[in-house]
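Chemist: dropping the sequence and predicted coords here.
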Amino acid sequence: MATKVETNVLECPECGRRNRVPTTANGAPQCGNCHAPLPWITDADDDAFARAVEQSHIPVVVDLWATWCRPCGSISSALEQIARDLAGRIKLVKVDVDKSPRTAERFNVRAVPTLLVMKGSEVVATRAGAAPVATLRAWLDAALERASFLST
């Protein structure tokens, strides 16, 4: 019996083509049409967290958020912009803490939004609270540099 692969549909920022991308994969996704890097944005719950985050071969920004949280909504578009800007170099994984209490507990989340930068199962940076896109990008760039992930 074939195993069902979890996928998301991502739109290519270069050509507009919609691409089906597995939640977990080696490397970073590219457009099937123009081969441009795709912004890898996905959701995960308690059961999918290890597959989506810890098995990633590229750095992962984890957005721990809640539907009732206004600041969470305000940074969502900022994080998606950063994921588009760094397409092919990071993966953005969104985790609703109300639907994923084990993950929230594991990372001792006391405020939302809480952001993590992860390399495998290791947390290399944490940030709580909302901020403008420029502030979030500066924090992420510093975290990636400290962790020797990539040069920006």
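Modeler: Good, I have the coordinates. Numbers count the residues shown, from 1 in each chain.
Chemist: mind checking the SS state of the most centrally placed residue in the chain?
Modeler: In the chain, the C-alpha nearest the mean C-alpha coordinate belongs to Leu92, at 1.2 Å (C-alpha atoms, centre = their mean). Here Leu92 is recorded as strand under DSSP: H, G, I helix; E, B strand; the rest coil.
Chemist: same question, Ala87
Modeler: coil.
Chemist: any chance you could map the strands in this protein?
Modeler: Ranges of strands in the chain, per DSSP state E, are 7-11, 18-22, 40-43, 60-65, 91-96, 114-119, 122-128.
Chemist: I'd like those laid out as JSON lines, including distance to Ser76 and mean pLDDT.
Modeler: Glycine gets a C-beta too; all of them are placed from N, C-alpha and C. Below are the strands of the chain laid out as JSON lines (distance: least, C-beta to C-beta, whole Å; pLDDT from 0 to 100):
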{"stretch": "strand 7-11", "distance to Ser76": "15", "mean pLDDT": "87"}
{"stretch": "strand 18-22", "distance to Ser76": "19", "mean pLDDT": "90"}
{"stretch": "strand 40-43", "distance to Ser76": "10", "mean pLDDT": "92"}
{"stretch": "strand 60-65", "distance to Ser76": "7", "mean pLDDT": "98"}
{"stretch": "strand 91-96", "distance to Ser76": "8", "mean pLDDT": "97"}
{"stretch": "strand 114-119", "distance to Ser76": "11", "mean pLDDT": "97"}
{"stretch": "strand 122-128", "distance to Ser76": "15", "mean pLDDT": "96"}
